[in-house]
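A.B. asks: What follows is a predicted structure for the sequence shown.
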Amino acid sequence: MIAILQWTTLAICAFIAAARVPSALRGENRSLFGIFVLMTIAISLSIEPVYAVVDSFLGADNIANLLLRFVIYGTVLLAGYRIAKGFDSAGSVRLIVGPVGLAVLVANAVATLVPFLMANTAGTSAGLSHLPDQTPHNTDLIRLYTAAGRFYPAYIAACLLPPILGVLKRRILPRLVRSGAAILLVGAVAMIVLALSDLLPQRLAYLQYFISSTAVLGLVVGLALIWAGRVRAGKQALRR
Amino acid sequence: MPLPAKAFQLWLHQVAPSASTADICRISGIKRTTLAQQLVRGKVAESTLVSISRALDLSPLAALASFEHYEELATRPQPPTPAELVSQIATMDLLRAVISRSAPAYGGYGDEGSSMTPALSPAPHATSVRNWVDAIDDGELRHRVSAATGVAPQNYSAQLTANRLSPELAVATSRAAGVGFTGGLVATGLLTEVEAGWPPGAKQSALDALSDGELTALAGERLQALGKSLRRQEQEQAQTEKIWENLG
């Protein structure tokens, strides 16, 4: 079930990234293509078989998981910046790439790196959920590391809530843009919920897979819809 | 509320007993699917009735009045007030009138020359609905319409901003303002001025009756409103451009 969910998510992301190739070759807004590609990489790294291959290549110490975290940071940073700028929210742009945003990013990177280096991460395990070393000390470090990994996307998502809601309120904007914004909103909320989801009881932990898929798909599909809005607007302009 | 399909079919049978639905659609230029959908839903749009009446050389006003909802249209024929007539003059025509009344040095013909300016364009114009409501509004009109019809004031305002008003609301607005029923139907473009029974040249005479001061003040108000809406459009355009630039 979870495998199907993850593979479907990957397929959708890869499809959208592939669809964006022609316009990336034409040089149109390559950062959007970058977001889709990074997202596709991130998802493939969270799927067990892909993860196992990559990690064995990197020394079977779960460095691939660390890589995954930083790919995600890069993706949400790039996407957050573009969305905040596109939705014309100077405040959110500052919170993402201004001094505060960079401080949060650096602190978060440190909070990711340090527990990872201190923990015993030997033995490939996607999501680090089944590491051989299950001593309390080690699991605490891993928990810290995971929490840091979810904090930064949640921070960016929280910064994006006001501009997204602002776009939803502006009725005059093209419908596809507003539907895209609505889906981005779902994704952003899912990212925030994901950061809080460690509080879920252990038997509901599988819900995290759904929440993270919702977050990823919300971001990617939302952006794709806005892109479709532009394609449509361009066609209408041609017809006129 | 649009016309009940049953009553509409009864009317259609009376005015064109031998015509098939396909014939009616062909001569009136209504898409068959549109008419079929309206009949299935049981509600026929007033504009459908008007198009068919025109095609059959019937008076759209009389056709509308033959329906229960619009009986009043026939019972109280009341000519439009001068303010209503002036509200149906396009902003550019008002500006042209200002110039044509000005001294020859500014490109005008002086007071006498209004016959030299081009004829007024027919109603409706780009802001005719809002201008019409403003022309008959005593300050409480929107509240009365809202109370009488149950339509929320913000929905009513949204229709005015979009230069739309359902025929039902247009009639309700006339009723609440105590003016003739045709004003709103012309302002919304459902009927032409001639179909509404407005005397030819009525708008021009209403315009000529305005003093220079009244005309200039009115043109100024219209220009200001136009400027506001253009600026808003430009802002929206800029916002959309920004979205395309970053996310398109």
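C.D. replies: Looks like it came in fine. Numbers count the residues shown, from 1 in each chain, chains lettered A, B, ... in the order given.
A.B. asks: Run through chain A and note the low-pLDDT ranges.
C.D. replies: When residues are selected by pLDDT under 70, those of chain A lie in A:237-240.
A.B. asks: try 80 this time
C.D. replies: Flagging of chain A using pLDDT under 80 yields the residue ranges A:123-131, A:133, A:171-172, A:198-205, A:235-240.
A.B. asks: Alongside chain B, which residues does it contribute?
C.D. replies: Counting by Cβ under 8 Å from any Cβ of the partner chain, chain A comes close to chain B at A:28-29, A:32, A:82-83, A:85-88, A:167, A:170, A:172-174, A:177, A:223, A:226-227, A:229-230, A:233. (Each C-beta comes from the backbone N, C-alpha and C, glycine too.)
A.B. asks: Just the buried residues from these, in ChimeraX please.
C.D. replies: Filtering the residues of chain A next to chain B down to the buried ones (16 or more other Cβ atoms under 10 Å in any protein chain shown) takes a single ChimeraX command:
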select /A:29,32,82,83,85,86,87,88,167,173,174,177,223,226,227,229,230,233
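A.B. asks: List the buried residues of stretch B:183-196.
C.D. replies: Buried residues in stretch B:183-196, counted by 16+ other Cβ under 10 Å: B:183-193, B:195-196.
A.B. asks: same deal with stretch B:149-156?
C.D. replies: B:149, B:151, B:156.
A.B. asks: which residues touch it?
C.D. replies: Contact with stretch B:149-156 is made by B:142-143, B:145-146, B:168-169, B:172, as judged by Cβ atoms under 8 Å, 6 or more residues apart in numbering or on different chains.
A.B. asks: From those residues, which land in helices?
C.D. replies: B:142-143, B:145-146, B:168-169, B:172 (DSSP state H).
A.B. asks: Quick one: buried ones out of these?
C.D. replies: B:142, B:145-146, B:168-169, B:172.
A.B. asks: Reformat the residues you listed into a markdown table and put pLDDT and distance to chain A next to each item.
C.D. replies: Formatted as a markdown table, those follow (pLDDT from 0 to 100; distance: Cβ to the nearest Cβ, whole Å):
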| residue | pLDDT | distance to chain A |
| --- | --- | --- |
| B:Arg142 | 89 | 20 |
| B:Val145 | 90 | 22 |
| B:Ser146 | 91 | 21 |
| B:Glu168 | 90 | 23 |
| B:Leu169 | 91 | 20 |
| B:Ala172 | 91 | 25 |
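A.B. asks: The residues you listed: which two are farthest apart?
C.D. replies: B:Arg142 and B:Glu168 (15.7 Å; Cβ to Cβ).
A.B. asks: B:Trp132: which of the ones in helices among the contacts of stretch B:149-156 is nearest?
C.D. replies: Closest approach between the ones in helices among the contacts of stretch B:149-156 and B:Trp132, by Cβ to Cβ: B:Leu169, at 11.9 Å.
A.B. asks: Can you list the buried residues in stretch A:16-27?
C.D. replies: Within stretch A:16-27, judged by 16+ other Cβ under 10 Å, the buried ones are A:16-17, A:20, A:23-24.
A.B. asks: for residue 142, what are its contacts?
C.D. replies: As the question left the chain open, I've gone with chain A. For A:Ile142, the contacting residues are A:115, A:119, A:121, A:128, A:131, by Cβ under 8 Å, 6+ apart.
A.B. asks: sorry, should have said chain B
C.D. replies: B:133, B:153, B:156-157.
A.B. asks: switch the cut-off to 7 Å
C.D. replies: B:153, B:156 (Cβ atoms under 7 Å, 6 or more residues apart in numbering or on different chains).
A.B. asks: For it, give its distance to B:Ser128.
C.D. replies: 17 Å (Cβ to Cβ, to the nearest Å).
A.B. asks: Also B:Ala202?
C.D. replies: 15 Å.
A.B. asks: if you count what's nearby, which of these two comes out ahead?
C.D. replies: Comparing B:Ala202 with B:Ser128 by other Cβ atoms under 10 Å in any protein chain shown, the one with more neighbours is B:Ser128, at 22 against 16.
A.B. asks: related to what we said a few turns ago, in helices, which of the residues of chain A next to chain B appear?
C.D. replies: Under the assignment DSSP H, the residues of chain A next to chain B contribute A:32, A:82-83, A:85-86, A:167, A:177, A:223, A:226-227, A:229-230, A:233 to helices.
A.B. asks: export those to TSV and tack on distance to A:Val54?
C.D. replies: Shown next, in TSV, are those (distance: Cβ to Cβ, whole Å):
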residue	distance to A:Val54
A:Leu32	25
A:Arg82	27
A:Ile83	29
A:Lys85	32
A:Gly86	32
A:Val167	37
A:Val177	36
A:Leu223	25
A:Ile226	31
A:Trp227	29
A:Gly229	35
A:Arg230	34
A:Ala233	40
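A.B. asks: so which of those residues comes closest to B:Leu226?
C.D. replies: Of all these, B:Leu226 sits closest to A:Ala233, with 24.9 Å by Cβ to Cβ.
A.B. asks: excluding its backbone neighbours, what's nearest that closest one?
C.D. replies: Leaving aside its sequence neighbours, A:Ala233 sits nearest to A:Pro174 (Cβ to Cβ, 6 or more residues apart in numbering or on different chains; 6.2 Å).
A.B. asks: CA atoms only: put the lowest-mean-pLDDT helix or strand in chain B into CSV for me.
C.D. replies: The weakest-scoring helix or strand in chain B, judged by mean pLDDT, DSSP states H and E, is helix B:72-75 (a mean of 79). Taking Å, rounded to 0.1, in the frame of the first residue of the first chain, the C-alpha atoms of helix B:72-75 are listed here in CSV:
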residue,chain,number,x,y,z
GLU,B,72,-45.9,44.6,-14.5
LEU,B,73,-44.0,45.5,-17.6
ALA,B,74,-47.3,46.0,-19.4
THR,B,75,-49.4,47.4,-16.6
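A.B. asks: Beyond it, next helix or strand please.
C.D. replies: Downstream of helix B:72-75, the first helix or strand assigned by DSSP states H and E is helix B:82-87.
A.B. asks: and that following helix, average pLDDT?
C.D. replies: When pLDDT is averaged along helix B:82-87, the result is 92.
A.B. asks: My guess is A:Ser44 contacts A:Val50. True?
C.D. replies: Yes: between A:Ser44 and A:Val50 there is a contact under Cβ atoms under 7 Å: 4.6 Å.
A.B. asks: What residues does chain B have near chain A?
C.D. replies: Contacts of chain B with chain A, taken as Cβ under 7 Å from any Cβ of the partner chain, map to B:236, B:239-240, B:242-244, B:246-248.
A.B. asks: Return the residues in contact with A:Ile226.
C.D. replies: Contacts for A:Ile226 (Cβ under 7 Å, 6+ apart) come out as A:176-177, A:180, B:243, B:247-248.
A.B. asks: I'm done for today, thanks for sticking with me.
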